[in-house]
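Engineer: Quick one: sequence plus predicted model below, questions after.
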Amino acid sequence: MTRYDFDRPEMLQFVPESSRTVLEVGCDTGRFGALLRRRNRALELVGVEPDPEAARQAESVFDRVARGTFPAVAQSVKRPGGFDVVVFNDVLEHMANPEVALCAAREVLSLSGLLVASIPNVRHVSAVGPLVVRGEWRYTEIGILDTTHLRFYTAKSIRRLFDENGWDVVRLDPLNRCFRSTDPNPRWWIRTLGWLTRGSTDAFFVLQYGVTARPRVSPGQVSE
């Protein structure tokens, strides 16, 4: 099984400082949860993790960890008033039916709550380049073409996914702009190319997008 055991500090910016109750779907061993704890973003922290060993480790950080998949365990993690934030870091692309998960997330989130997600960008040059130039689509152990990815997204299809499932996207920010995933910072020519093309090439060097979204309020529905 592919593991995603990272701190994900770049995702901290999407979790409001006022957050007190957080549900992290696919929490792995709890490293992002631990970061939320250190930054005082979660007084109550609940996780969902299908891997038994990872879930066991996460229990040292989280108040509670539901062992299983989401939304199968959605009912067991519900809390009165809902969560301030529900986090899906590199999770939705692994789901056969992410639409169902997004609908279930609305049921565990407070009316004023926020969904946070990171989603790989299949338009990145590392995926598009070999496909266009060599006709190659080769899966890898980790990355955009991870062997366990069931869905693939661009910025436009991310917006459509959320919009069609009752969410209003608040932020859709590019993360990790680089030519290769091992590059620590954008290369100078990537920045220059973006300037020369007025941003039209930027998406080819974005590894992931950070997303925040709120449940769409229906006419007549009163928000908190």
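Structural biologist: Sure thing, it's come through.

Engineer: Just give me how far stretch 93-107 sits from the chain centre.
Structural biologist: Centroid separation for stretch 93-107 versus its chain: 12 Å, with Cα atoms, centre = their mean, to the nearest Å.

Engineer: One more: stretch 106-126?
Structural biologist: Distance, centroid of stretch 106-126 to centroid of chain: 5 Å (Cα atoms, centre = their mean).

Engineer: What's the end-to-end length of that stretch?
Structural biologist: 34 Å (Cα to Cα, to the nearest Å).

Engineer: now stretch 90-106
Structural biologist: End-to-end for stretch 90-106, by Cα to Cα: 19 Å.

Engineer: same check, this time on stretch 37-57
Structural biologist: 15 Å.

Engineer: Now it: buried residues?
Structural biologist: Neighbour-count burial for stretch 37-57 flags 37, 41-42, 45-51, 54-55, 57 (criterion: 16 or more other Cβ atoms under 10 Å). The C-beta positions use only the backbone N, C-alpha and C, and glycine is treated the same way.

Engineer: between those residues, which is nearest residue 141?
Structural biologist: Nearest to residue 141 among those is residue 51, at 16.1 Å by Cβ to Cβ.

Engineer: thought the closest one was touching residue 26?
Structural biologist: No - with contacts counted by Cβ atoms under 8 Å, residue 51 stays clear of residue 26, the gap being 9.4 Å.

Engineer: Just put the buried residues of stretch 37-57 in TSV and tack on pLDDT.
Structural biologist: As requested, the buried residues of stretch 37-57 are exported to TSV (pLDDT from 0 to 100):
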residue	pLDDT
37	96
41	92
42	93
45	98
46	98
47	98
48	98
49	98
50	96
51	96
54	96
55	97
57	97
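
Engineer: Quick check: residue 39 vs residue 79, distance?
Structural biologist: Taking Cβ to Cβ, to the nearest Å as the measure, residue 39 falls 21 Å from residue 79.

Engineer: let me redo that: residue 109
Structural biologist: Per Cβ to Cβ, residue 109 is found 10 Å from residue 79.

Engineer: Can you pick out the residue with more neighbours from the two?
Structural biologist: Shown here are residue 109 and residue 79; by other Cβ atoms under 10 Å, residue 109 has more neighbours (21 against 13).

Engineer: Under the pLDDT cut-off, which ranges of this structure? List them.
Structural biologist: 1-5, 179-190, 193-195, 199, 218-224 (pLDDT under 70).

Engineer: switch to 50 and redo it
Structural biologist: 1-2, 219-220, 223-224 (pLDDT under 50).

Engineer: which stretches of it form helices?
Structural biologist: All helices of the chain, identified by DSSP state H, fall at 31-38, 52-58, 74-77, 98-108, 125-134, 155-163, 188-196.

Engineer: any chance of these in JSON lines, plus distance to residue 144?
Structural biologist: What follows is the helices of the chain, written out as JSON lines (distance: least, Cβ to Cβ, whole Å):
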{"stretch": "helix 31-38", "distance to residue 144": "20"}
{"stretch": "helix 52-58", "distance to residue 144": "22"}
{"stretch": "helix 74-77", "distance to residue 144": "28"}
{"stretch": "helix 98-108", "distance to residue 144": "16"}
{"stretch": "helix 125-134", "distance to residue 144": "5"}
{"stretch": "helix 155-163", "distance to residue 144": "14"}
{"stretch": "helix 188-196", "distance to residue 144": "17"}
